[in-house]
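J.: structure of the sequence below:
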Amino acid sequence: MTKSSVNTVAGHPEVWVTGIGLVSSLGEGFEAHDAALRSHAAENVVMDSRFSPYLVHPLAQLDLNKQIPKKSDQRQMEGWQRIGVYAAGLALDDAGLPRGSPLRAHTDVVVAAGSGERDTAVDARILEAAAADGDIAVLGKEVLPAALRPTLFLAQLSNLLAGNISIVHNLTASSRTYMGEEMAGISSIENAWRRIGAGQTQIVLVGGALNAEREDLLLGYELGCNLWAHPFAPVWRRRDAGGGFAPGSAGAFLVLEASGHARARGARPYARIASVASARSSRASGEVGRALEELIRTTCAERPSTPLPVLSGASGVEPVTEAELSVLRARAAVVRAYGSVLGHTVEAHLPLGVALGAMALRRGAFYPPFDDSGVELSMDGALDDVLITSLGHWRGEGAVRLSRISTGEA
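T.: As a prediction, this is how the structure comes out:
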């Protein structure tokens, strides 16, 4: 059964994207990503030897001190938290909320998080001890007490990312964390959008992060037969070899704001979030396509029926990727699979797509094709709306429609 939802509060208030914080294999910030995506320089930013035969889009080198000034804070975080805290700081700065801004005390936080990074060294010690004598009691008495620390119980707690964002960036309003792979990213955006649209809050920092350069993460996904284990190929070219995704390290955070609040403080918006819809289909034969059709109808109900340009969050995993493509070929003006150049970022994937869509609307032009598969055609002319899709590699579907904000509106 598919369930879709859309905010019925008709634009009171509108929800604007006023800040973007991005870090990925392409670098950090608006300019680095926009330049790379428009020049095709991103296609080969992959690591193909360290985790062979699997590919990973590695994180670009960051100066963590710029957003996480205390070394003690950096040390107690694992990689995915450092990525997320850094990207969150970029979003706040980009939105005009520098350190010391009184608005930080009123900014709510919504995070899409995974299950945290495991301590693989401890895991290895446990397996070695178990193989040596098989005495499970020894593991409880000797290995675990010596290995655990206050913030770690074999895997870091998911809500630590939201906590560290609040602490490092002095955000003292509410925070909440969603888990559940791609669905977490969908739910986080939808929750922030609905709360602002209902007048429950004025400004929200929302997003997620993924550290893809982890043996534990790759093992977990490959046990489900989800990874691409071949030389690099864009998302649309993976079907004939069985499909699969190439994880990407990335942090994507957005500042979403009520339009009146943004105007009052003179914020410059990127785009308007016109509608958000989510679903959880059974994934039985034909259900993914029907779910996506319903998401498109829901998010585009208030606009003309002309096809939209689409930023697809397709992972490359089959059969869901082929099911999405069959719908988009009929319903989209042009399609871009941003996972081809940035990797699949799981919890962060929809926030990442929304960020890219908002950037394109501010620039006023869609991105050139991200590959030469023949699926992604060129597009000329003005850009007024963008649809972002996110179909989870295993469960969960979502779509967000962004629209341009004219100079007079802002």
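J.: just the helices in the stretch 251-400 of the chain please.
T.: Taking DSSP state H, counting those that start in this stretch, the helices of the stretch 251-400 of the chain run over residues 259-264, 287-299, 320-331, 339-342, 349-363.
J.: turn those helices into JSON lines, including distance to residue 223, mean neighbour count and mean pLDDT.
T.: Using the backbone N, CA and C atoms, a C-beta is placed for each residue, glycine as well. What follows is those, written out as JSON lines (distance: least, Cβ to Cβ, whole Å; neighbours: other Cβ atoms under 10 Å; pLDDT from 0 to 100):
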{"stretch": "helix 259-264", "distance to residue 223": "45", "mean neighbour count": "17", "mean pLDDT": "96"}
{"stretch": "helix 287-299", "distance to residue 223": "22", "mean neighbour count": "21", "mean pLDDT": "96"}
{"stretch": "helix 320-331", "distance to residue 223": "18", "mean neighbour count": "19", "mean pLDDT": "96"}
{"stretch": "helix 339-342", "distance to residue 223": "21", "mean neighbour count": "28", "mean pLDDT": "96"}
{"stretch": "helix 349-363", "distance to residue 223": "20", "mean neighbour count": "28", "mean pLDDT": "98"}
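J.: which of the ones you listed sits closest to residue 94?
T.: helix 349-363 (10.3 Å; Cβ to Cβ).
J.: how close does the residue most central in space within the chain get to residue 294?
T.: By Cα atoms, centre = their mean, the chain has its centre lying nearest to residue 348, at 2.0 Å. Here the criterion is Cβ to Cβ, to the nearest Å. By it, residue 348 lies 25 Å from residue 294.
J.: swap in residue 83?
T.: Relative to residue 294, residue 83 is positioned 33 Å away (Cβ to Cβ).
J.: what is the end-to-end distance of stretch 360-371?
T.: In stretch 360-371, first residue to last residue: 18 Å (Cα to Cα, to the nearest Å).
J.: likewise for stretch 255-274?
T.: Calculated as Cα to Cα, the first-to-last residue distance of stretch 255-274 is 15 Å.
J.: please begin residue numbering at 37 from this point
T.: Shifting the count to begin at 37 puts that one at stretch 291-310.
J.: in it, what counts as buried?
T.: 291-295, 297-298, 303, 305-310 (16 or more other Cβ atoms under 10 Å).
J.: residue contacts, residue 62?
T.: 68, 69, 72, 73, 77, 78, 81, 96, 377, 378 (Cβ atoms under 8 Å, 6 or more residues apart in numbering).
J.: and the fourth one, how many neighbours?
T.: This points to residue 73. For residue 73, the neighbour count with other Cβ atoms under 10 Å is 21.
J.: pretty sure it contacts residue 403?
T.: Yes: in this structure, residue 73 is within contact of residue 403 by Cβ atoms under 8 Å, at 5.2 Å.
J.: between these two, which contacts overlap?
T.: Contacts common to residue 73 and residue 403, judged by Cβ under 8 Å, 6+ apart, are residue 392.
J.: who touches residue 413 in this structure?
T.: 370, 405 are the contacts of residue 413 under Cβ under 8 Å, 6+ apart.
J.: one more: residue 345?
T.: 368, 369, 370, 371, 372, 402, 415, 419, 421, 422, 423.
J.: and the residues you listed, which of them are in strands?
T.: 368, 369, 370, 371, 372, 421, 422, 423 (DSSP state E).
J.: of the residues you listed, closest to residue 283?
T.: Taking Cβ to Cβ as the measure, residue 283 sits nearest to residue 372 out of the ones in strands among the contacts of residue 345, at 19.2 Å.
J.: confirm for me that the closest one is in contact with residue 344.
T.: No: judged on Cβ under 8 Å, residue 372 makes no contact with residue 344 at a distance of 11.9 Å.
J.: what about residue 101, how many neighbours?
T.: 10.
J.: phi, psi for it please.
T.: Backbone torsions of residue 101, given as degrees, to the nearest 10, read phi -60, psi -20.
J.: how near is it to residue 339?
T.: 45 Å.
J.: before we move on, what about residue 250?
T.: 41 Å.
J.: ok, the two, which is more surrounded?
T.: Taking other Cβ under 10 Å, residue 250 and residue 339 do not tie; residue 250 has more neighbours (21 against 14).
J.: so who does the more buried one touch?
T.: Taking Cβ under 8 Å, 6+ apart as the test, what residue 250 contacts is 115, 153, 154, 156.
J.: narrow these to those in helices?
T.: 115, 156 (DSSP state H).
J.: residue 441: which of the contacts of residue 250 is nearest?
T.: Scanning these for proximity to residue 441, where the rule is Cβ to Cβ, the winner is residue 115, at 35.3 Å.
J.: show me the shaky parts of the protein.
T.: Within the chain, the stretches with pLDDT under 70 are 37-48, 76-79, 169-177, 179-192.
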